[in-house]
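Student: structure for this input, please:
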Amino acid sequence: MFLRLTIVAHLLLLLLFLRVPALSATLLCAYGAYHGLTAWGVLHPRSRLFGPNRSRLSTSERVVALTFDDGPHPDLTPRVLEILRARGVRATFFVIGSAVRRYPEIVRQIVRDGHELGNHTDEHSYGFWALPPRKLWQDVHQAQQSIETVGGTRCRWFRAPVGIKSCFLHPVLRRQQLELVSWGVRFLERGPHDRARMERRLRRVAPGSILLLHDGHDRRPEGRPGVVLALPLVLDVLRDRGYRCVPLA
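Tutor: Down below sits the predicted model:
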């Protein structure tokens, strides 16, 4: 539908431009505004321009959803699981399909600990948003197959790499019965020197917030080691403020 509307809009603008030269400046402004809106729809993680996008939980209670991206990581994910296990917290892990195939036992441990698995594409390409529909399907579907085969459970959630979406994504997700999930508060796990920044971000937490941390990194073998320092701080502050973590469902 969006592609058809785009073609029609461009043809109408071209026709007006050719038939009514006096409107040139107005048409150029309209053209720029149209593409600006499209860029916002692609780039903004919480935009709903191209389809449904869950960015928070529908609740007024003091609960949040804790999510992790870019795993599984052979060292960091087990340490994250230990922290969550010790505190009785459940989370959602948005995993990369290729990493799932490399570290299947870690994925099974995530499931055994009662956490949810989410689809984070097969390769975590930063050009995911620009893929044609068939390539989008392949990237999402291959990850979906790997996650469900290894994890033994149907995957319900999807998150685009770095939150940048494609205008063709919604039909792909609908066919695979996946729901797009973004986030409300993102933490940058760079180490202990980031404590002040972490605390500032924690002030943005509200009832129903979806929180994003990373237990892996698609281009760094060491992952994001700061997560093992950031996660206890996040959980401590949430507890002190009367929040509890719940699954996305």
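
Student: show me what the longest strand seen in the chain is packed against.
Tutor: As assigned by DSSP state E, the longest strand anywhere in the chain is strand 63-71. Helices and strands touching strand 63-71, by 3 or more Cβ pairs under 8 Å, 6 or more residues apart in numbering; DSSP states H and E, are helix 76-87, strand 92-95, strand 210-214, helix 227-240, strand 244-245. Heads up, the C-betas are built off the backbone N, CA and C, glycines and all.

Student: and stretch 131-146, how far out from the chain middle?
Tutor: From the chain centre to the centre of stretch 131-146 is a distance of 16 Å (Cα atoms, centre = their mean, to the nearest Å).

Student: ok, Phe187 - contacts?
Tutor: Met198, Arg201, Leu211, Leu212, Leu213, Ala230, Val234 (Cβ atoms under 8 Å, 6 or more residues apart in numbering).

Student: what's the per-residue pLDDT of the last one here?
Tutor: I take that to be Val234. At Val234, the model reports a pLDDT of 94.

Student: that one: neighbour count?
Tutor: Neighbour count of Val234, defined by other Cβ atoms under 10 Å: 23.

Student: how about His170, nearest residue that isn't a chain neighbour?
Tutor: In space, and not counting its chain neighbours, His170 is closest to Gly51: 3.0 Å by Cβ to Cβ, 6 or more residues apart in numbering.

Student: isn't that neighbour up against Leu180?
Tutor: Yes. Under the criterion of Cβ atoms under 8 Å, Gly51 makes contact with Leu180 at 6.8 Å.

Student: any shared contact partners between those two?
Tutor: Leu169, His170, Leu173.

Student: quick one: least confident helix or strand in this structure?
Tutor: When the helices and strands of the chain are compared on mean pLDDT, DSSP states H and E, helix 2-19 comes out lowest with a mean of 61.

Student: quick revisit: residues touching the residue nearest to His170, list them.
Tutor: Leu169, His170, Leu173, Arg174, Leu180.

Student: okay, and the last one sits in which element?
Tutor: By that I understand Leu180. Leu180 belongs to strand 179-180 when elements are defined using DSSP states H and E.

Student: who touches that strand?
Tutor: Strand 179-180 has contacts (Cβ under 8 Å, 6+ apart) with 51-54, 156-160, 165, 169-170, 173.

Student: got the contact list for the most centrally placed residue in the chain?
Tutor: Nearest to the geometric centre of the chain sits Arg159, at 3.2 Å (Cα atoms, centre = their mean). Residues in contact with Arg159 (Cβ under 8 Å, 6+ apart) are Thr67, Asp69, Phe94, Gly118, Asn119, His120, Leu180, Val181, Ser182.

Student: then Pro74?
Tutor: So Pro74 contacts Tyr103, Ile106 (Cβ under 8 Å, 6+ apart).

Student: just Thr59 next, same as before
Tutor: Pro207, Gly208.

Student: and this structure, what are its domain boundaries?
Tutor: The chain breaks down into these domains under automatic domain parsing: 2-43, 63-245.

Student: deepest in the core, which of those is it.
Tutor: Of the domains of the chain, the one with the most neighbours on average (mean count of other Cβ atoms under 10 Å) is domain 63-245, at a mean of 19.
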